[in-house]
Each structure stands twice: as C-alpha cells, then as structure tokens.
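Asker: Predicted model, plus sequence, below.
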Amino acid sequence: TGDGYFMAFEQPDDAIRFAVESQIDLSKRPDLPGARIGIDIGQVFIVTEPGNYRDYVGPAANRAARICALAAPRTVLVSERMANSVVHLAFGARLELIGNHSLRNIGLETLYLLKHERLSDERPETGDKTPVLPWVTDLFVGRDSALEKILVNIRHEKTRCVSIIGFGGMGKTRLSLEAARRLTADLPDGIVFAELDGIRDGDVAWSMVAGALRSIGYEGEPKPPDIGAFLLNKEILLILDGVEGLSRAADMVDELLRRTQNLKLLVTSRNRLKIPSVFIALESLALGDAETLLRARMEVHEPGAIPIDDDSDVRELCRRLDCIPLSIELAAARAGLMSPGEMLQRIETRFSWMTDSSAPETGHRRSLEATIGWSFDLLTPSGQTALQVASLFPTGFRLDVWERLMGPTSLEALGELQRSSLVATETRADQPGKV
C-alpha cells in the first residue's frame, strides 16, 4: 500500500517476532530509513482490485494502518488487543504501555511501544496521562478485598501512603499494577512505577525513582530535593515496588511525603516498614482462586494441558503449593512436561524443577529457593537462627515452647520473622499462642 506493506499472521507471537527481526535487520543498513510498524489483531479479508491488485480490508487492517501512521522511525506500536494476545515476546523484547492516542476517523486507542535495544524508544507526540507500567497479561485472580481496600484508601484525600506486605511470591507487584490500572482516572498527573526490587543502596534507589519519573517529564538530578520540588503540587501515584532490601526505605518514604503535598505512595515490601501508612497484608490465595489461576496459567503455557475432569489433582497440587501465586506460576510453566498428577509425584523435589528460566540468573524470583534465600539474607543473624529453628516445626508451634527453646531474646527474634512475613500467628481456643 503506497510505500508500505500489509502483512497477516496466524499467531500474534509470529507478528511480534517478524516486527522485531525486521527492525533489527534494517538497523544494520544505515543507508535505509527506519521502518514504522503498527500491529493490531482481528479478522481481515483479501480483495482483488482492478489490475489484479490484492489488498487486505477490514477494521483490523484500518486500525493497523492508523497505528502505523503514529509510529516514529525504527519503532513498533502495538494495540492493547494485540498486546493482550501475545504469549511470548521474541528476542528479549518487552511491551510498555504508552497511553491512549487518537487514531484518525477511529477514536482513542490504548497503545504499547515494543522495546528492544536495537529499536528506537521514540513515542508518538500526543497522548494522555495513562501510566507507563510493566506489561502484564496474566489473569488477575482473587484479592478482591485487598484491591478494594487499596482503591478506597488511595482515593481518600487524607491517605498518603498504602503498603502491601507479604512473603515473596504472594503477588504484591501484580496487585499494585492492577490497582494502578483502575486508578488512572483518579490521578490527573499520572502514575509512575519504580522497581526497587533487589536494591540495597539508597543512592541507587533514588536514581531508579528519578529514572521512572522521566516518563512524566522529570529532567533533574536523582536527589531528594530536586525530586521533591518536581512532585511538590502534582497529584501523582508513585509505586515503590520491592523496597525490603533497601536499608533506609522508611527514610525514602518519609522524605517523599515530607517534600510533597499531593503525592500518593503505593509501597510493596516483604517487611512492615515503620512509616505512616495503611498496611494490607497478603496471604495465600483461597483454594478456589488458586485452582483458577493454575488452570489459566497452564492453558497459556500448554493449551489443553489439563483434562476437564482433572479436578482432584489440580486441587491437591494447589494445596501442596500452599496456594502461593509464584509457586503456581512456576508449576504452570512445566505444563508441557508434566501433568498436575505428575507434578504431585515430584512435589518433594519442587525446588529443583520449579524455576523460571526466563528470569535473570541473579533474580531472586527465579525460583522458590531463590525467593526464600533472598528473605533469609535480609534477616539479622539472630533472625536467621530463629527461622532455621522455626522451620523444624512445619505445622507450627506454641509460644511457650518457642520461649523455652530460644531463651531471653525469643520474642524479639520471633517479631523479626513476623515483620518479614515469614511466620504468622493464629488464635485457637485449644492451642493459645499458636505460631
């Protein structure tokens, strides 16, 4: 069509692969202008025009053409429908939400920018304040009560900070992103996501925050006074994700709140910080929600992997995985190799096979073992000893037994484990003080 081409693919992943590969190949030819690529999904039809000229027609073809017209050279723009249909992104590419954009004669369309080191990061000039958030397409299951509590508190004029706390793999980041997507219309100056997972140094953390704020126009230094001045009167939600490793995380939160007037913070952490905040503790999913999540994720990795009548194995597998979202996700990734029943047979060796090969080698969410190891490393020496002792009681223990075992510092050590979301207490009439 003119100096461009329409191309159709049977699978969304194939279209993404072709787009990235084409842009990489073109980047090796400095004598050629960079291509602009727009991708949408939907049914198209082939028609034959006079002169035996064949063309694609249909709403998806029109939207793809309009999206392409917005793209800058050496970029790939993707519609939200297409982004939600992609299962695997080739060549290490990723999708970044860039907001709602007006397509000529069509209307507003939510677009994503395909990110890759060999592609340009240039965005369309026009857009709204839709947040630049990590791309997620997985099903959001359960957590209705926690989500509603976040939304109510962030929308309340007197609440400045909400904290989601829980053990690693409970879905804190996923919950924060779901809340952000539902709060877009409430924050006129935007929503910003700062990933601090695994960061311990304060200066590095401020640099990450400054980098995240560049999505809404920040151009200053990664220093608290400069960032505070930029955010002073803005109505923004800033998500600080994974702050448990930061030694002075509470100071960062305090500094941000003290230097601004309308800033809202949503913090995720394994530890309960000493900050003025509404705290929302995440525990395991309800069994029914865990089953729904496992089925959905296994279907993504291997369509048809679970027989319709395989309820008992699915339910028992979720129960043995403690209904923890990360455990379920890691198990689902093996859908092409094992059935739920076969996974149950290997449940005692799950640390060896429940890993995420797509995660960074050093990532502490790469496996269950790495998740537990990261939490262990963040404890004080006495806390590490306490966790080792607590692990000897898989069904729990009474407080008086703990005090006899651990001596004078028993309650202090137990408090550290509780603040780190590594133990939970329960009140039972037959066993008071059960941990």
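Answerer: Thanks, I have it.
Asker: Show me the strands in the stretch 51-200 of the chain, by range?
Answerer: Using DSSP state E, counting those that start in this stretch, the strands of the stretch 51-200 of the chain run over residues 53-57, 75-79, 94-103, 107-115, 161-165, 191-195.
Asker: neighbouring strands for the first one, and are they parallel or not?
Answerer: Read it as strand 53-57. Strand 53-57 has its sheet partners listed here by DSSP bridges as strand 45-49 (antiparallel).
Asker: Dump the strands of the stretch 51-200 of the chain into CSV; add mean neighbour count and mean pLDDT as well.
Answerer: In short, each C-beta sits where N, CA and C put it, glycine included. CSV is the format used below for those (neighbours: other CB atoms under 10 Å; pLDDT from 0 to 100):
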stretch, mean neighbour count, mean pLDDT
strand 53-57, 12, 71
strand 75-79, 27, 94
strand 94-103, 18, 81
strand 107-115, 19, 84
strand 161-165, 24, 95
strand 191-195, 21, 89
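Asker: right, and the ones you listed - which one's nearest Phe393?
Answerer: strand 161-165 (22.9 Å; CB to CB).
Asker: Mind giving me the packing neighbours of the closest one?
Answerer: Secondary-structure packing of strand 161-165 (3 or more CB pairs under 8 Å, 6 or more residues apart in numbering; DSSP states H and E): helix 144-155, helix 172-182, strand 264-269, strand 278-281.
Asker: Pull up the pairing partners for it, direction included.
Answerer: Partner strands and pairing direction for strand 161-165 (DSSP bridges) are strand 264-269 (parallel), strand 278-281 (parallel).
Asker: Of all the strands of the stretch 51-200 of the chain, which one is nearest Arg297?
Answerer: Closest among the strands of the stretch 51-200 of the chain, once you apply CB to CB, is strand 94-103, at 18.7 Å.
Asker: what are the ranges of the helices in the stretch 151-300 of the chain?
Answerer: 172-182, 202-213, 224-231, 249-258, 287-301 (DSSP state H, counting those that start in this stretch).
Asker: so which of these gets nearest Arg63?
Answerer: That would be helix 172-182 among the helices of the stretch 151-300 of the chain, by CB to CB, at 21.6 Å.
Asker: returning to what we had before: what's the most buried one of the helices and strands packed on strand 161-165?
Answerer: Among the helices and strands packed on strand 161-165, the stretch with the highest mean neighbour count (mean count of other CB atoms under 10 Å) is strand 264-269, at a mean of 26.
Asker: ok, residues contacting it?
Answerer: Contact with strand 264-269 is made by 150, 154, 159-165, 172-173, 175-176, 179-180, 187, 235-244, 249, 253, 256-257, 273, 275, 277, as judged by CB atoms under 8 Å, 6 or more residues apart in numbering.
Asker: which SS class is Leu379?
Answerer: Counting by DSSP: H, G, I helix; E, B strand; the rest coil, the backbone at Leu379 sits in coil.
Asker: Confidence-wise, which helix or strand of this structure is lowest on average?
Answerer: The helix or strand of the chain with the poorest confidence is helix 350-353; it has a mean of 60 (mean pLDDT, DSSP states H and E).
Asker: ok, what's across the strand from the closest residue to Ala71 other than its chain neighbours?
Answerer: Of all residues not flanking Ala71 in the chain, Arg36 sits nearest, at 3.9 Å (CB to CB, 6 or more residues apart in numbering). Beta-bridge pairing of Arg36, defined through DSSP bridges, involves Thr75.
Asker: For the remainder of this discussion, apply numbering that starts at 560.
Answerer: Sure, I'll start numbering at 560, so the last one becomes Arg595.
Asker: Could you pull up the residues touching Arg595?
Answerer: 627-628, 630-632, 634.
Asker: what sits against the residue nearest to Ala619 when sequence neighbours are not counted?
Answerer: Nearest residue to Ala619, sequence neighbours excluded (CB to CB, 6+ apart): Gly601, at 2.9 Å. Going by CB under 8 Å, 6+ apart, Gly601 touches 617-619, 622, 640.
Asker: Specify the local secondary structure of Gly601.
Answerer: Under three-state DSSP, Gly601 falls in the coil class.
Asker: Ramachandran angles for it?
Answerer: The phi/psi pair for Gly601 (degrees, to the nearest 10) reads phi 160, psi 180.
Asker: how near is the closest residue to Gly779 other than its chain neighbours to Ala769?
Answerer: In this structure, Gly779 finds its nearest non-sequential neighbour in Asp785, 3.8 Å apart by CB to CB, 6+ apart. Going from Asp785 to Ala769 by CB to CB, to the nearest Å gives 8 Å.
Asker: Compare these two and say which one has the larger neighbour count.
Answerer: Neighbour totals were compared for Asp785 and Ala769, and Ala769 leads with 20 against 16 (other CB atoms under 10 Å).
Asker: correct me, but that one touches Ile786?
Answerer: Yes: using CB atoms under 8 Å, Ala769 is in contact with Ile786, at 6.1 Å.
Asker: anything in contact with each of these two?
Answerer: Counting by CB under 8 Å, 6+ apart, the residues touching both Ala769 and Ile786 are 777, 779.
Asker: residues near Thr944, how many?
Answerer: Neighbour count of Thr944, defined by other CB under 10 Å: 14.
Asker: give me every residue that touches Thr669.
Answerer: By CB under 8 Å, 6+ apart, the contact list for Thr669 reads 638-639, 656, 658-659, 689.
Asker: Kindly report the same for Leu853.
Answerer: Leu853 neighbours (CB under 8 Å, 6+ apart): 873, 876-877, 887, 890-891, 899.
Asker: and if you look at Phe577?
Answerer: By CB under 8 Å, 6+ apart, the contact set of Phe577 is 566, 568.
Asker: May I ask which helix or strand encompasses it?
Answerer: For Phe577, the element it lies in under DSSP states H and E is helix 571-586.
Asker: rewinding a little: so which of the contacts of Leu853 comes closest to Asp762?
Answerer: Comparing the contacts of Leu853 against Asp762 with CB to CB places Ile887 closest, at 36.5 Å.
Asker: what sits against the closest one?
Answerer: Contacts of Ile887 by CB under 8 Å, 6+ apart are 844, 849, 852-853, 856, 877, 880.
Asker: again, only this time at 6 Å
Answerer: Applying CB atoms under 6 Å, 6 or more residues apart in numbering, we find Ile887 in contact with 852-853, 880.
Asker: returning to that earlier point: write the ChimeraX selection for whichever of the contacts of Leu853 are buried.
Answerer: In ChimeraX, a selection of the buried entries from these looks like this (16 or more other CB atoms under 10 Å):
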select :873,876,877,887,890,891,899
